[in-house]
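*Asks:* give me coordinates for this.
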Amino acid sequence: MRRVAIFIILLFPVSLFSLQLYQELAVGYYDDLGVSLGLRIEDPTLKLPFYLQARVGSSYQIEPGNAEDARKIFINDNTGGNIEEYGLSYFVGIDLGWRIVLKDAIQVEFNVSGLWNHYEAHFSFIGNNESFSVKTDSLGIGVGGNLRIVFSERKTSLLVKCGVEYFPKSQIYAHGTYYYTTDGVDDSPRNEYTYEDADESINQPWFRPYVQIGIVFPIG
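*Replies:* Numbers count the residues shown, from 1 in each chain. The predicted structure follows:
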């Protein structure tokens, strides 16, 4: 009897609101260039105007910081070499959204997010045989809004996304040797450099705006 009751409780929202799984794919500006893939559950009839989405993605950054300063703070005092650099972020997020119908097939969505982000600023000095990555891991929050054009119920939709994410400053490390923390108690600083020095040498995410275009399509 207990198992039957649990089954009824779990089945009730699906039966009442006709919940459907959707996949979201979006590309565009995301701290330079980014792509994200989401799996959301929502009620296409809008009897329940909320949706829940799990999202993963990555972004590519053209200017990750000051390569010469980063080398001094994290590696050594050498100079020279042709610099090649880029930044990468990998993130996972949970979005809770609210959908509103504006007119016919046009809807707007508002969402709040919780995120985890791993960032790497990569620097190479060609001809000097030096290559290293400076890394951070952060928990953050975000807010956003979407314009959604729904072609038909339970079918593919066009999505225009925009918003901003905030990540508090977190520990900065490289090569597993030098660590700089926000409280100033650095586990292993180099030449008495500080967290502020390390932070200024890279463009780790702090406020991260995004504008993307994507599609939302049903699964099954």
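
*Asks:* can you show me the CA trace of stretch 140-158 as PDB?
*Replies:* Taking C-alpha atoms only, stretch 140-158 is exported to PDB below (Å, rounded to 0.1, in the frame of the first residue of the first chain):
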ATOM      1  CA  GLY A 140      28.000  31.400  -8.500                       C
ATOM      2  CA  ILE A 141      24.400  32.600  -9.100                       C
ATOM      3  CA  GLY A 142      22.800  34.000 -12.200                       C
ATOM      4  CA  VAL A 143      19.600  35.700 -13.500                       C
ATOM      5  CA  GLY A 144      18.300  35.800 -17.000                       C
ATOM      6  CA  GLY A 145      15.500  36.300 -19.400                       C
ATOM      7  CA  ASN A 146      14.500  34.500 -22.600                       C
ATOM      8  CA  LEU A 147      12.400  35.400 -25.600                       C
ATOM      9  CA  ARG A 148      10.800  32.200 -26.900                       C
ATOM     10  CA  ILE A 149       8.900  31.700 -30.100                       C
ATOM     11  CA  VAL A 150       6.800  28.500 -29.900                       C
ATOM     12  CA  PHE A 151       5.900  27.000 -33.300                       C
ATOM     13  CA  SER A 152       3.300  24.600 -31.900                       C
ATOM     14  CA  GLU A 153       2.600  22.800 -28.600                       C
ATOM     15  CA  ARG A 154       5.200  20.100 -27.800                       C
ATOM     16  CA  LYS A 155       7.300  21.100 -30.800                       C
ATOM     17  CA  THR A 156      10.600  22.900 -31.400                       C
ATOM     18  CA  SER A 157      10.900  26.500 -30.200                       C
ATOM     19  CA  LEU A 158      13.300  29.300 -31.000                       C
END
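
*Asks:* ok, residues contacting it?
*Replies:* Residues from elsewhere that reach stretch 140-158, judged by C-beta atoms under 8 Å, 6 or more residues apart in numbering: 20, 44-45, 93, 95, 97, 99, 105-117, 159-168, 205, 210, 213-218. Where you see a C-beta, it was placed from the backbone N, CA and C, and this is true even at glycine.

*Asks:* if any of those residues are buried, give me the ChimeraX selection for them.
*Replies:* Of these, the buried ones can be selected in ChimeraX as follows, counting by 16 or more other C-beta atoms under 10 Å:
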select :20,44,93,95,97,99,107,109,111,113,115,117,159,161,163,165,167,205,210,214,216
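
*Asks:* how about the helices in this protein?
*Replies:* Remark: helices assigned in the chain by DSSP state H are 2-17, 67-74, 195-201.
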